[in-house]
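In: sequence first, then the predicted structure, then my questions.
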Amino acid sequence: MKNALILYYSCSGNTKAIAEYTGSVLKDRKWNVKISNFDSCKTRNNFTDIDLLIVGVPVHYWEMPEAALRMLRNLPSFQNTYGFVFSTFGKCVCNSVPFHLAKKLRAKNINVLGGAQIVMPHSAHIDENTRVGDIDILLGKGEPNEENLKNIKSVLFNISEKIENNNVNSFDIKKLKNLHTRGFTANIMNVLMTTNMRRGVMPDILYDKSKCNQCKKCISICDYQAIEFSDDNLIVINKKRCKRCYKCIENCNTNSLYTKWDQAIRPTRSIQKFAKNNETRVIK
Ligand SMILES: Cc1cc2nc3c(=O)[nH]c(=O)nc-3n(C[C@H](O)[C@H](O)[C@H](O)COP(=O)(O)O)c2cc1C
Ligand code: SF4
Ligand code: SF4
């Protein structure tokens, strides 16, 4: 029986859902499948005897989130392991994230055989219960559709079949450079706007201390160590460290953390106009 390890980084569940979908495809082929986020997969024996490693990340500010990059760097080296990579994004901008993922995996001795960029509902919220991508087709509403899922399934079927039969063709990861959303204007924007500038247009995290129950979940969930507890039991957000990933808001059960989401919608929509080629695509 073949073994697959599926690792994901996910702030609001989209990437996790695709990771689980890829797992179900392999389970249908009777593979042994382990699905985990990077953080809970640290013990060494999780990484031995893996035939296929699938890694998925969301796109944040056109790039791979820095926290995911750090977690990738901490992966051990593999032996005789093939790879498949994917990014999920809100139909806006993606700077060849699958290619960058594949390069990082190659450095860990993994032979990447394909990759995908997958449109999902954009996870920036408008209010507690609604995401931009839930209301706007241009920002991923209704994705991933059946056809896209079928496409991903058929590529994974094909890859897993080849691994089972020891009949794997070589794959040039440079092909994954075609998974990006740059048109002419987006190329210029890409040079002009640094990641910090992109983050700068997104709203700060705000805190309603009257709702907070001091559970400290936000502190442990923040991958950038940007939240501390003050002596008087209040949350303090270090604005310099905060990357505005909004993972803390997603995970605060009392809605004590929030932001002015409407500020995020206009820049998101206008940046989206510059992007081209922002559909779900799979390459093998
Ligand atoms: C802070 C932040 C930045 C984002 N930046 C982009 C982006 O540059 N391009 C894009 O298409 N989608 C962007 N999105 C949307 C997410 O990439 C998309 O919704 C993704 O599927 C979220 O995955 P997750 O639910 O696993 O965290 C962003 C979302 C957040 C929260
Ligand atoms: S997760 Fe929410 S309720 Fe818990 S300490 Fe943080 S702000 Fe307070
Ligand atoms: S404090 Fe900033 S960096 Fe940390 S989880 Fe919240 S938004 Fe992300």
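Out: Thanks, I have the structure now. Numbering: from 1, shown residues only. Ligands and ions are numbered 1, 2, ... in the order given.
In: quick one: residue 34 from ligand 2, how far?
Out: Counting by CB to the nearest ligand atom, to the nearest Å, the gap from residue 34 to ligand 2 is 29 Å. All C-beta atoms are positioned from the backbone trio N, CA, C, and that covers glycine.
In: can you name the residues bridging to that residue?
Out: Per DSSP bridges, the residues bridged to residue 34 are residue 5.
In: gap between it and ligand 3?
Out: Residue 34 is 26 Å from ligand 3, by CB to the nearest ligand atom.
In: ramachandran angles for the spatially most central residue of the chain?
Out: Computing the C-alpha centroid of the chain and ranking residues by CA atoms, centre = their mean puts residue 58 first, at 1.8 Å. When read as degrees, to the nearest 10, the backbone of residue 58 gives phi -80, psi 170.
In: could you report the pLDDT at it?
Out: Looking at residue 58, its pLDDT reads 97.
In: tell me what it is bridged to.
Out: Beta-bridge partners recorded for residue 58 (DSSP bridges): residue 88.
In: was I right about it contacting residue 9?
Out: Yes: counting by CB atoms under 8 Å, residue 58 does reach residue 9; the two are 7.0 Å apart.
In: joint contacts of these two?
Out: Common neighbours of residue 58 and residue 9, counting by CB atoms under 8 Å, 6 or more residues apart in numbering, are 15, 65, 68.
In: so which of those residues is the most crowded?
Out: Of all the shared contacts of residue 58 and residue 9, residue 68 has the most neighbours under the rule other CB atoms under 10 Å, reaching 28 neighbours.
In: tell me how far the nearest residue to it once chain neighbours are set aside lies from residue 247.
Out: Spatial nearest neighbour of residue 68, excluding adjacent residues (CB to CB, 6 or more residues apart in numbering): residue 9 at 3.9 Å. Remark: distance between residue 9 and residue 247 (CB to CB, to the nearest Å) = 10 Å.
In: more neighbours, those two?
Out: Applying other CB under 10 Å to residue 9 and residue 247 shows that residue 9 carries more neighbours, namely 25 against 22.
In: OK, contacts around the more buried one?
Out: By CB under 8 Å, 6+ apart, the contact list for residue 9 reads 15, 37, 38, 56, 57, 58, 65, 67, 68, 71.
In: isn't the third one right next to residue 7, touching?
Out: Yes: judged on CB under 8 Å, residue 38 makes contact with residue 7 at a distance of 5.6 Å.
In: who's more crowded, these two?
Out: Per other CB under 10 Å, whichever of residue 38 and residue 7 has more neighbours is residue 7, with 24 against 20.
In: point out the other helices and strands that the helix or strand hosting the more buried one packs with.
Out: Assigned by DSSP states H and E, residue 7 belongs to strand 3-8. With contacts defined as 3 or more CB pairs under 8 Å, 6 or more residues apart in numbering; DSSP states H and E, strand 3-8 has these neighbours: helix 14-28, strand 32-37, strand 52-58.
In: now it: mean pLDDT?
Out: 96.
In: contacts (any at all) between ligand 1 and that strand?
Out: No: Strand 3-8 stays clear of ligand 1 (CB under 6 Å from any ligand atom), getting no nearer than 7.2 Å.
In: got the contact list for residue 238?
Out: For residue 238, the contacting residues are 225, 226, 227, 228, by CB under 8 Å, 6+ apart.
In: residues contacting residue 16?
Out: With contact taken as CB under 8 Å, 6+ apart, residue 16 is in contact with 8, 10, 37.
In: helices of the stretch 151-284 of the chain, start to end?
Out: Ranges of helices within the stretch 151-284 of the chain are 184-192, 195-200, 217-221, 247-251, 262-272, based on DSSP state H, counting those that start in this stretch.
In: which of the ones you listed has the lowest mean pLDDT?
Out: Of all the helices of the stretch 151-284 of the chain, mean pLDDT reaches its minimum on helix 262-272 (a mean of 80).
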